[in-house]
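>>> Below is the sequence, then the predicted model.
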Amino acid sequence: MNYLPCEITETKPNPDAAIIWLHGLGASGHDFVPIVPELQLPDDMAIRFVFPHAPSLPVTINGGMVMPAWYDILSMEMGRKIDTAQIMASAQAVIDLVEREIAKGIPSERILLAGFSQGGAVVYQAALSYARPLAGLMAMSSYFATHETLVPATANAQIPIHIFHGSYDPMVPESMAQQALQALQKLGHEPLYKTYPMAHEVHPQEIADISAWLQQRLA
């Protein structure tokens, strides 16, 4: 099995939970590693953070420039036009990482998927189509790119979901997060939704709120 290369951080030896956290377009698995200490998780939480690196792909909206990307974005109009085969492949690569954590002894119910921007679009697809129950799904500054083609798995029909977004985001307008919320509600989910006075970034209050939610899900 060829897995995505990853940065791995463990808060304690012998972790009993895992968070697989995807970066955004043009970034890398290194991007969110510094957030782990900022979460200020309790000493008794033993979590393995897995930060995969996206493959390098030509990205149409950036003039075909090759950069780290989970899938190609063909146009930037509302809703985005994307390479569906590539996002499905990236979602499967994430599921492979979930299966690897299970093989290491962490039950699926203790594995949470998180993603920023493009990464969030991938984890929507991966988590909601996965055949085993997961601990949660967290989407940051993202959108639900595959809501029209998703084949939802009954195992995650009740998965806890939290959407975080910036009210001044010029890259992924908040209306796209609201569309994701509505699509999830149509599927029967009841996501938590919170916005912050920020652009396409991470807000200090957001980090505190993420920490609180992770503790609820994985304590």
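Ah, there it is. Numbers count the residues shown, from 1 in each chain.
>>> Okay, the nearest residue to residue 68 once chain neighbours are set aside and residue 131: tell me how far apart.
Take residue 68 and drop its neighbours on the chain: the residue closest to it by Cβ to Cβ, 6 or more residues apart in numbering is residue 54, 4.3 Å away. C-betas here are computed from N, CA, C, even on glycine. Per Cβ to Cβ, to the nearest Å, residue 54 is found 24 Å from residue 131.
>>> which secondary structure elements does the helix or strand where residue 206 lies contact?
Secondary structure from DSSP states H and E places residue 206 in helix 204-218. Helix 204-218 sits against strand 17-22, strand 111-116, strand 136-140, strand 161-166, strand 192-196, with contacts defined as 3 or more Cβ pairs under 8 Å, 6 or more residues apart in numbering; DSSP states H and E.
>>> Could I get the average pLDDT for that helix?
Summarised as a single mean, pLDDT over helix 204-218 is 98.
>>> Can you report how many residues neighbour the closest residue to residue 165 other than its chain neighbours?
Spatial nearest neighbour of residue 165, excluding adjacent residues (Cβ to Cβ, 6+ apart): residue 177 at 4.1 Å. Burial of residue 177 is recorded as 26 neighbouring residues (other Cβ atoms under 10 Å).
>>> how close does residue 177 sit to residue 170?
For residue 177, the distance to residue 170 - Cβ to Cβ - is 13 Å.
>>> Also residue 120?
Taken as Cβ to Cβ, the span from residue 120 to residue 170 is 17 Å.
>>> And the two? Which one has more around it.
Neighbour count, other Cβ under 10 Å: between residue 120 and residue 170, residue 120 has more, with 29 against 8.
>>> if I pick residue 45, what's in contact with it?
11-12, 17, 215, 218-219 (Cβ atoms under 8 Å, 6 or more residues apart in numbering).
>>> oh sorry, the question was meant for residue 110
Counting by Cβ under 8 Å, 6+ apart, residue 110 has contacts 16-18, 135, 218.
>>> Can you tell me which of those residues lies closest to residue 198?
residue 218 (25.2 Å; Cβ to Cβ).
>>> ok, what's across the strand from the residue most central in space within the chain?
Most central in the chain under Cα atoms, centre = their mean is residue 115, positioned 2.1 Å from the mean C-alpha point. Counting by DSSP bridges, residue 115 is bridged to residue 22, residue 139.
>>> Tell me the spacing between it and residue 13.
Residue 115 is 27 Å from residue 13, by Cβ to Cβ.
>>> Also residue 148?
Taken as Cβ to Cβ, the span from residue 148 to residue 13 is 44 Å.
>>> Check residue 194 too.
On the measure of Cβ to Cβ, residue 194 and residue 13 end up 33 Å apart.
>>> Which one of those two is surrounded by more residues?
A count of neighbours by other Cβ under 10 Å puts residue 194 above the other of residue 194 and residue 13, at 14 against 6.
>>> Contact partners for the more buried one?
162-165, 206, 209.
>>> Mark which of those are buried, thanks.
Neighbour-count burial (16 or more other Cβ atoms under 10 Å) applied to the contacts of residue 194 gives 162-165, 206, 209.
>>> what are the bridge partners for residue 111, then?
Applying DSSP bridges to residue 111 yields these beta-bridge partners: residue 18.
>>> Looks like it contacts residue 104 (just checking).
No - using Cβ atoms under 8 Å, residue 111 is not in contact with residue 104, being 10.4 Å away.
>>> Could I get the contacting residues of residue 28?
53-54, 68.
>>> Kindly apply the preceding question to residue 20 instead.
If a contact means Cβ under 8 Å, 6+ apart, then residue 20 has 50, 52, 94, 97-98, 101, 111-114, 123 as its contacts.
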